[in-house]
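Colleague: pasting a predicted model and its sequence here:
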Amino acid sequence: MAYWLFKSEPSTWSWDDQVAKGDMGEEWDGVRNYQARNFMRQMALGDRGFFYHSQKERAVVGIVEVIAKAHPDSTTDDERWECVDIKAIKSVKTPVTLDDIKQVEALSEMVLVRNSRLSVQPVTEEEWAIVCEMAGISG
DNA sequence: GCCAACGTTGGC
DNA sequence: GCCAACGTTGGC
């Protein structure tokens, strides 16, 4: 199983919105970036991901699961763009902020730190475990 | 609200 | 195929 991070502006699509969709989940649509799309193409059913709020909040707020492999993005006719479907699994006990992450040496190579603009990113198993611990959950 | 970093576009 | 110009994202 692989681990990922999905970034969203809460004013556009928040963790609460995602949770409200329940087990039906929702398309992670609107991605118009090749790197991000390529990562989504690599995702498998059951892969886990962090749900991260960008902009003002800047924190990991929940855990999601991939429930549909990459398929055409329904918000565009442009066949270049694809997306996966994800559903909310659980909320964090404690949001893990970007500041928190930057304090941890073992997390200094996270894509979130290295390339803050990428909206869909891979997360290593070690990074996953550390952030889950900081969030007060078991992952 | 500003600006740095990055990706994309289009002219050559 | 290069590179300048431009647009967007997201941290600060």
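Modeller: That came in fine, so what should we check first?

Colleague: up against DNA strand B, what does chain A have?
Modeller: Contact residues, chain A versus DNA strand B (Cβ under 7 Å from any atom of the strand): A:32-35, A:115, A:117-118. From N, CA and C alone the C-beta is placed, and that goes for glycine too.

Colleague: and the furthest pair within these?
Modeller: A:R32 and A:N115 (16.4 Å; Cβ to Cβ).

Colleague: thinking again about what came up before, out of the residues of chain A next to DNA strand B, list just those in strands.
Modeller: With strands taken from DSSP state E, there is no overlap with those.

Colleague: only the buried subset of those residues, as a PyMOL command please.
Modeller: In PyMOL syntax, the buried subset of these is picked out as below (16 or more other Cβ atoms under 10 Å):
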select buried, chain A and resi 118
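
Colleague: dump the residues of chain A next to DNA strand B to a markdown table, plus distance to A:E127.
Modeller: Putting those into a markdown table (distance: Cβ to Cβ, whole Å) gives the following:
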| residue | distance to A:E127 |
| --- | --- |
| A:R32 | 26 |
| A:N33 | 21 |
| A:Y34 | 23 |
| A:Q35 | 18 |
| A:N115 | 14 |
| A:R117 | 18 |
| A:L118 | 15 |
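
Colleague: can you put the residues of chain A next to DNA strand B in JSON lines and add pLDDT?
Modeller: Listed next are the residues of chain A next to DNA strand B as JSON lines, based on pLDDT from 0 to 100:
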{"residue": "A:R32", "pLDDT": "92"}
{"residue": "A:N33", "pLDDT": "93"}
{"residue": "A:Y34", "pLDDT": "92"}
{"residue": "A:Q35", "pLDDT": "93"}
{"residue": "A:N115", "pLDDT": "93"}
{"residue": "A:R117", "pLDDT": "92"}
{"residue": "A:L118", "pLDDT": "95"}
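
Colleague: quick check, nearest of the residues of chain A next to DNA strand B to DNA strand C?
Modeller: Nearest to DNA strand C among these: A:R117, at 4.3 Å, using Cβ to the nearest atom of the strand.

Colleague: can I get the longest helix along chain A as CSV, trimmed to CA atoms?
Modeller: Assignment by DSSP state H gives helix A:125-135 as the longest helix of chain A. Listed next in CSV are the C-alpha coordinates belonging to helix A:125-135 (Å, rounded to 0.1, in the frame of the first residue of the first chain):
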residue,chain,number,x,y,z
GLU,A,125,5.9,5.0,5.0
GLU,A,126,8.2,6.6,7.6
GLU,A,127,6.7,10.0,7.0
TRP,A,128,3.2,8.5,7.2
ALA,A,129,4.0,6.9,10.6
ILE,A,130,5.5,10.0,12.1
VAL,A,131,2.7,12.3,11.0
CYS,A,132,0.1,9.9,12.2
GLU,A,133,1.7,9.8,15.6
MET,A,134,1.9,13.6,15.8
ALA,A,135,-1.8,13.6,14.8
